[in-house]
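K.L.:
Got a predicted model here, sequence first, then my questions.
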Amino acid sequence: MDGAELPNIKKWIVMYPVYINSKKTMAEGRRIGLAKACENPTCAEIGDCCSYLKLPFAIEIDKAYPRDFMQRGRVRVLLKKEDGTLFNSSISSRKQLMLRVAEMVPRHHGRTKKQETASTSSTAGPSTKSGKGGKKRR
């Protein structure tokens, strides 16, 4: 993004990863249904989904979610041009944006690579711990 657009970012839609996180409750900030939400999305994944949908976005890493200040990062997205026309005709509201991004994040290329490596390395042998333990008496 060029420097001329930075003042306009304040009017863009804010999207925190918590909004589409299936690990969070509605009280903790999730804004879509549990069945449609995805597990632990990141700002980078949301940004990649926005670029795939051809929507202008800006990632703000230093910003925190107010309800949980340990959650760092948010994404600003522009849905409409200055004349009011949509950048992507299939996404006209915040809710539609959240639903589309939440369905795309699990198929994100970084996630599929992580799952493949985790599934091949998790085939370890049986545990060596014996079942005979118990409370030690003094």
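P.N.:
Now that the structure is in, tell me what you want to look at.

K.L.:
Am I right that residue 44 is in a helix?
P.N.:
Yes - assigned with DSSP: H, G, I helix; E, B strand; the rest coil, residue 44 falls within a helix.

K.L.:
neighbours around it, how many?
P.N.:
For residue 44, the count of nearby residues is 15 (other C-beta atoms under 10 Å). Where C-beta positions appear, they are placed from N, C-alpha and C, glycine not excepted.

K.L.:
mind listing the strands for the protein?
P.N.:
Secondary structure of the chain (DSSP state E): strands at 13-15, 57-65, 68-77.

K.L.:
Mind picking out the helix or strand in this protein with the poorest mean pLDDT?
P.N.:
helix 109-121 (a mean of 71; mean pLDDT, DSSP states H and E).

K.L.:
So which residue is smack in the middle of the chain?
P.N.:
Compute the mean C-alpha point of the chain, and by C-alpha atoms, centre = their mean the closest residue is residue 41, 2.7 Å away.

K.L.:
May I have the phi/psi pair for it?
P.N.:
phi -70, psi 150 (degrees, to the nearest 10).
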